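Colleague: 3D model of this:
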Amino acid sequence: MSKNGRVLVAMSGGIDSTVTAMMMHEQGYEVVGITMKTWDYANSGGSKKETGCCSLDSINDARKVAVDMGFHHFIIDIREEFGDYVIDNFVDEYMAGRTPNPCVLCNTHIKWSALLKRADALDCEFIATGHYAKIKEFEGRRYISRSKDLHKDQSYVLWGLNQECLQRSHFPLGGYTKPEVRQMAADWGYTDLSKKAESYEICFVPDNDYRGFLKRRVDGLEERVNGGAFVNTNGEVIGKHKGYPFYTIGQRKGLGMAFGKPMFVSEIRPDTNTVVLGEEHELVRNGMMVGQVNSMKYASIPEGFEAVTKIRYKDAGALGSLSPMDDDKVYVDFHANVKGVAPGQSAVFYDGDDVIGGGIIHGGFMDAAN
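Modeller: As a prediction, the model looks like this:
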């Protein structure tokens, strides 16, 4: 038995999870590697060559590291539970006129659940992943904080983890930058791995064409939604679109028409297959309702707490006051106007680098004065 216990490391075959396994081994943990097959490329119908965490090459890369370092490695098939929950939700959200974030949903409801279940079966006290984030503690509660590498920081997609998950999780890369991680891989003799390219696509949409994915998943979708109305914020018809699921809040490019001035998607109305377009100032909001809130740093979010709220992964965030509501909801009153608030996306609340909590943007927007 190792001095620090037994840890189950999620290994995708990429550089981050590989270095994570190496670091945990170096720190004195007994490492068990696990690779989760979450989707079947053959069923995606995309045009891009198979790459990423579920490809055979990636699985083999993960296994090779385990063999080199002398620890056990397992492959588990979670395609059914992943597909039923994450992919179905992805499709349902777009069909409801919202913009989903499948990585958040997968982390919260699939990956950690699958990891903890297998950790228990393999007598592992802990799990470790290659996420760029830190875990800190406050008054007995664990919470997520931003990583050293702010460019790679993944705290935004981890807001949904509960205390059980956090108490058993390790993120050893949180205190390092990506160049430092690449150098560690090279120093350990994995030069090719250290040069491996980043992957930013949704794993089940490897060609990054979510519109094509929706068309393949929903029978007769194009025929059902093509030719709906573009309307302005006064309700006047100003054109025809290709179907409301193929547009997202804040979108300007790819509208397929010229309007004589920049126009942006400001609202999607699935019941009438209508897409509302407005000028940039008409995207501005100063408040929103967030649901399915998970409070992380505190047992509950304090009334009137001032936090920086991020409404998308690369968003810098905006300062606002948080007002807890019934049914795990929080109303965010922004102190300055915010553009492009999209229902279905995650809202994550920060106090400095610390994640207070987060949830799903539901609506309840307050339009800012024009």
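Colleague: Surely Ile238 and Ala258 touch.
Modeller: No - under the criterion of C-beta atoms under 8 Å, Ile238 makes no contact with Ala258, lying 11.0 Å away. (Each C-beta comes from the backbone N, C-alpha and C, glycine too.)
Colleague: The two: who's more crowded?
Modeller: Ile238 (14 against 8; other C-beta atoms under 10 Å).
Colleague: check which helix or strand covers that one.
Modeller: Secondary structure from DSSP states H and E places Ile238 in strand 237-240.
Colleague: and that strand, which residues are buried?
Modeller: Across strand 237-240, burial judged by 16 or more other C-beta atoms under 10 Å covers Gly239.
Colleague: per-residue confidence averaged over it?
Modeller: Strand 237-240 shows a mean pLDDT of 96 in the predicted model.
Colleague: for it, packing partners?
Modeller: Counting contacts by 3 or more C-beta pairs under 8 Å, 6 or more residues apart in numbering; DSSP states H and E, strand 237-240 packs against strand 229-232.
Colleague: Sheet partners, orientation included, of the strand it packs on?
Modeller: strand 237-240 (antiparallel), strand 274-278 (parallel) (DSSP bridges).
Colleague: Tell me the first helix or strand C-terminal of the first one.
Modeller: Sequence-wise, the next helix or strand downstream of strand 237-240 (DSSP H and E) is strand 264-269.
Colleague: what's the angle between that next one and strand 274-278?
Modeller: Relative orientation of strand 264-269 versus strand 274-278 (axes from the mean of the first three to the mean of the last three C-alpha atoms, to 10 degrees): 150 degrees.
Colleague: elements contacting strand 264-269?
Modeller: strand 274-278.
Colleague: so how far is the strand it packs on from its chain's centroid?
Modeller: Chain-centre distance of strand 274-278: 26 Å, with C-alpha atoms, centre = their mean, to the nearest Å.
Colleague: Which SSE is immediately downstream of that strand?
Modeller: Remark: after strand 274-278, the chain's next helix or strand is strand 284-295, criterion DSSP H and E.
Colleague: what packs against that following strand?
Modeller: Using 3+ C-beta pairs under 8 Å, 6+ apart, strand 284-295 is in contact with strand 318-325, strand 329-339, strand 354-367.
Colleague: Pairing partners for the first one, with directions?
Modeller: The partner list of strand 318-325 in its sheet, established with DSSP bridges, is strand 305-310 (antiparallel), strand 329-339 (antiparallel).
Colleague: just those strands: most buried one?
Modeller: strand 305-310 (a mean of 20; mean count of other C-beta atoms under 10 Å).
Colleague: Now for the closest residue to Phe230 other than its chain neighbours: which residues touch it?
Modeller: Leaving aside its chain neighbours, Phe230 sits nearest to Gly239 (4.0 Å; criterion: C-beta to C-beta, 6 or more residues apart in numbering). Gly239 is in contact with Ala229, Phe230, Met257, Phe259, counting by C-beta atoms under 8 Å, 6 or more residues apart in numbering.
Colleague: Quick check: Gly239 vs Gly363, distance?
Modeller: 25 Å (C-beta to C-beta, to the nearest Å).
Colleague: same question, Gly14
Modeller: Note on Gly14: its distance to Gly363, by C-beta to C-beta, is 36 Å.
Colleague: Show me what the helix or strand that contains Glu180 is packed up against.
Modeller: Secondary structure from DSSP H and E places Glu180 in helix 178-187. With contacts taken as 3+ C-beta pairs under 8 Å, 6+ apart, helix 178-187 sits against helix 15-26, helix 191-194.
Colleague: What are the buried residues along the last one?
Modeller: I take that to be helix 191-194. Leu193, Ser194.
Colleague: Turn the strands paired with strand 229-232 into JSON lines, columns for distance to Asp326.
Modeller: Conversion of those to JSON lines gives the following (distance: least, C-beta to C-beta, whole Å):
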{"stretch": "strand 237-240", "distance to Asp326": "39"}
{"stretch": "strand 274-278", "distance to Asp326": "30"}
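Colleague: and Arg182, which of those is closest to it?
Modeller: strand 274-278 (42.6 Å; C-beta to C-beta).
Colleague: Quick one: mean pLDDT over the closest one.
Modeller: 97.
Colleague: So what touches that strand?
Modeller: Under C-beta under 8 Å, 6+ apart, the answer for strand 274-278 is 228-233, 238, 241, 244, 247, 255, 259, 263-269.
Colleague: Could you pick out the buried ones from those residues?
Modeller: Taking 16+ other C-beta under 10 Å as the criterion, what is buried in the contacts of strand 274-278 is 228-232, 241, 244, 247, 255, 263-268.
Colleague: and this structure, what are its domains?
Modeller: What the record gives for the chain is the domain set 6-194, 219-278, 282-367, from automatic domain parsing.
Colleague: which ones are touching Arg146?
Modeller: Arg146 makes contact with Ala133, Lys134, Asp153, Ser155, Tyr350, Asp353, Asp354, according to C-beta under 8 Å, 6+ apart.
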